[in-house]
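Participant: sequence first, predicted model second:
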Amino acid sequence: MNRDHTTLLRLRKARRYILLYALLIAIAIAIILPISWIVASSFTTRETVWKNVLPFSWRAFFPADFTLDGYQAIFEKDFGRALLNTFFLGAVTVVFGIAVGAMSGFAFARLKFRAKNFLFALVIFSFMIPGDLTIIPSFVLVRDLGWLSTWQGLIVPGLANGIIIFLFRQFFAEIPQDLIDAPRVDGATWLQVFTRIILPISKPALISAGVILFLGQWNNFFWPLLVAPDPELRVVQVAVSIIGIEQQVNLWEQMFASSTLAMLVPVLLILPFQRYYVGGILGSGLKG
Amino acid sequence: MLNKLRLERWTPALFLAPAIVLLIVFRYIPIVLGFEEALYTNSLSLAGARKFVGLNNFIAVFEDPVVWGSFKTTMVFSLVVNPLQVGLALLLAELINQRVPGIAVFRAIYLVPVAISMNVTAIAWGLALDPNYGLINGIIRTLGLPRQPFLQHPSQALWSIIGIISWIGVPYWSLFFLAGLQGISSDVLESAHVDGAGSLRTFISIKLPLLRRIIAFVLVSDTVVNFTLFAPIYLITRGGPQLSTHLVMYEAYRRGLVYGDIGIASAIISVLLIVVVAFVAVEFIVLRPRH
């Protein structure tokens, strides 16, 4: 009797597991298949790109007739420049975005000053209102500053990021008081405390902020589309969209090749830094 | 020594200035500028035609059938996409919260769409949903089912857009719910189990109420973000067919930067902004910590 009961429990557990894994695998397939189809199609020619789609064959998810035609064509159209531009933009945004965010985050966490609550409310409110919402008046502002088609027009408006400021404030608030008091008693300035004591122990927050800022800049589309029509300043997402829609012929293999490169970089970045990325974006929603 | 003391007094200002100045100039001034521009007409044209028109642009927002239509379409879209994404994200979070072997691999796979831009997602799914040679129709027809128009028919286009953006949205918001589920103390779940509550019962009566603050946060954030949806409309449907995907942000872009009428575009954005601020204000009140 007792043995029958445990068998029944075990059976029930096995059924639960099978159902669970079936669901997990089905969702994983819904994510992986479209991606592998894009990657596979990027290695085909324009003539064969739809070969395994209709009639449909599982070969659609693997490169059939391997060629680099699509890649060659997009690099001849300066896609390489768009990649470099976006890496440059990302790097500059990470460095200055971290400097701006970490310094103000430190002030909010550790320094005493007037109107702190009001200023912090400004920070919080700024990330509750998406930047894309005010993109047209922002465009007017940047145009009136004479910054259209300039690097500063692409970079400066995004440097102060409420989520990044918030992330650093939360992190710095947890640092033990003793670590700060000791050098202060010895006469160190706040700037010295910040650069010599605080920053070296803040690697997790720095990585989180760096990954979030870089991904944001890499995946940015609407803003560069408006403020940087100059081909010299073209970024990856805009280059992909131009290959995708603005050239009236259907350059399928090039659409797939440029899309593959545009997704490769952020995916390779997010996977090793999962913990930091997820931790960083969660801070904005779960605390406060 | 005196110099040093003086420097110390200015330290908070020095640390804060870059962030606060940049936020005010590039986040807050555009909001004011938007309301101001909304009172003028044709301010982008070079002929010096910038003319004060009072509230005419705001009146036009409500009277122009295309503009007002874009608000109505956006409302319908919001009422579907946001509850849908929140519901699916909750279920996905519950699924990946199971402690089973290999779950870390699945969590990593589910994070991949979060890294991919809306832009690339839109282009790729636009190709996959193409009625003539798209991957999805290839599969559908090979299974012997009739071909679907998806993005090219008014009855399916908005639904297709909702599906495309949920491919990113659902895994993204599930991260917040997963963190919430992981924060529920095991004692609470243990006692529910002892009382004989099954998984479904525990999810509905225990976990959902405990997650209500996060659900409110995600619902508001998702709604606000989806109000600004632009890339898939610009890249795939251009608002069509028959204005069925003509969302408000695309209309603002079209009026302001294609036709050059920054005034009406600013009025559209100002109205949307008032709606968004109302949502965020409600969120602040609902989520205010109770002492």
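Facilitator: Looks like it arrived, so ask away.
Participant: tell me the contacts of B:Tyr40?
Facilitator: For B:Tyr40, the contact set (C-beta atoms under 8 Å, 6 or more residues apart in numbering or on different chains) comprises B:Arg50, B:Lys51, B:Phe52, B:Val53, B:Ile262, B:Gly263. Every C-beta, even on glycine, is put in place using the N, C-alpha and C of the backbone.
Participant: so what pLDDT did A:Leu199 get?
Facilitator: We have a pLDDT of 94 for A:Leu199.
Participant: look at it and give its secondary structure.
Facilitator: Under the three-state scheme (DSSP: H, G, I helix; E, B strand; the rest coil), A:Leu199 adopts helix.
Participant: just to revisit the earlier point, so which of the contacts of B:Tyr40 are in helices?
Facilitator: In helices, judged by DSSP state H, the following of the contacts of B:Tyr40 are found: B:Ile262, B:Gly263.
Participant: and which of the contacts of B:Tyr40 is nearest to A:Ile242?
Facilitator: Nearest to A:Ile242 among the contacts of B:Tyr40, counting by C-beta to C-beta, is B:Ile262 at 24.2 Å.
Participant: isn't that closest one up against B:Tyr253?
Facilitator: No: using C-beta atoms under 8 Å, B:Ile262 is not in contact with B:Tyr253, being 11.2 Å away.
Participant: shared neighbours of those two, anything?
Facilitator: A:Ile136.
Participant: quick one on the thing from earlier: intersect the contacts of B:Tyr40 with the contacts of chain A.
Facilitator: Among the contacts of B:Tyr40, the residues lying close to chain A (C-beta under 8 Å from any C-beta of the partner chain) are B:Ile262.
Participant: is there proximity between stretch A:166-175 and chain B?
Facilitator: No: judged by C-beta under 8 Å from any C-beta, stretch A:166-175 stays clear of chain B, getting no closer than 10.0 Å.
Participant: show me what counts as buried in that stretch.
Facilitator: A:Phe166, A:Leu167, A:Phe168, A:Arg169, A:Gln170, A:Phe171, A:Phe172, A:Ile175 (16 or more other C-beta atoms under 10 Å in any protein chain shown).
Participant: redo the residues you listed as CSV? Include pLDDT and secondary structure.
Facilitator: CSV is the format used below for the buried residues of stretch A:166-175 (pLDDT from 0 to 100; DSSP: H, G, I helix; E, B strand; the rest coil):
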residue, pLDDT, secondary structure
A:Phe166, 94, helix
A:Leu167, 94, helix
A:Phe168, 96, helix
A:Arg169, 95, helix
A:Gln170, 93, helix
A:Phe171, 94, helix
A:Phe172, 95, helix
A:Ile175, 92, coil
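Participant: sorry, back to before: of B:Ile262 and B:Tyr253, which one has the most company?
Facilitator: B:Ile262 (30 against 22; other C-beta atoms under 10 Å in any protein chain shown).
Participant: and the longest helix for the chain?
Facilitator: All of this refers to chain A. Longest helix of chain A, by residue count under DSSP H: helix A:2-42.
Participant: meant chain B, my bad for not saying
Facilitator: Chain B, longest helix under DSSP H: helix B:65-96.
Participant: I'd like to know which elements it is packed against.
Facilitator: Packing contacts for helix B:65-96, counted by 3 or more C-beta pairs under 8 Å, 6 or more residues apart in numbering or on different chains; DSSP states H and E, involve helix A:2-42, helix B:56-63, helix B:103-115, helix B:157-182, helix B:212-227, helix B:248-253, helix B:262-287.
Participant: would you turn these into TSV with mean pLDDT and distance to B:Val86?
Facilitator: TSV is the format used below for the helices and strands packed on helix B:65-96 (pLDDT from 0 to 100; distance: least, C-beta to C-beta, whole Å):
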stretch	mean pLDDT	distance to B:Val86
helix A:2-42	89	17
helix B:56-63	92	29
helix B:103-115	95	16
helix B:157-182	95	7
helix B:212-227	92	5
helix B:248-253	96	21
helix B:262-287	89	14
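Participant: tell me which of those sits most buried.
Facilitator: helix B:248-253 (a mean of 25; mean count of other C-beta atoms under 10 Å in any protein chain shown).
Participant: ok now it, how far from the chain's centre?
Facilitator: In terms of C-alpha atoms, centre = their mean, to the nearest Å, the centre of helix B:248-253 is found 14 Å from the chain centre.
Participant: also stretch A:21-41?
Facilitator: With C-alpha atoms, centre = their mean, you get 21 Å for stretch A:21-41.
Participant: and that stretch with chain B, contact?
Facilitator: Yes: counting by C-beta under 8 Å from any C-beta, chain B has neighbours in stretch A:21-41: A:Tyr21, A:Leu23, A:Leu24, A:Ile27, A:Ala28, A:Ala30, A:Ile31, A:Ile32, A:Pro34, A:Ile35, A:Trp37, A:Ile38.
Participant: make CSV out of those and add distance to A:Thr150.
Facilitator: Converted to CSV, those look like this (distance: C-beta to C-beta, whole Å):
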residue, distance to A:Thr150
A:Tyr21, 53
A:Leu23, 50
A:Leu24, 48
A:Ile27, 44
A:Ala28, 43
A:Ala30, 42
A:Ile31, 38
A:Ile32, 40
A:Pro34, 37
A:Ile35, 35
A:Trp37, 38
A:Ile38, 33
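Participant: that older thread, tell me which of the helices and strands packed on helix B:65-96 lies nearest to A:Asn219.
Facilitator: Per C-beta to C-beta, nearest to A:Asn219 of the helices and strands packed on helix B:65-96: helix B:103-115, 8.1 Å.
Participant: elements contacting the closest one?
Facilitator: Using 3+ C-beta pairs under 8 Å, 6+ apart: helix B:103-115 touches helix A:2-42, helix A:252-270, helix A:274-286, helix B:65-96, helix B:157-182.
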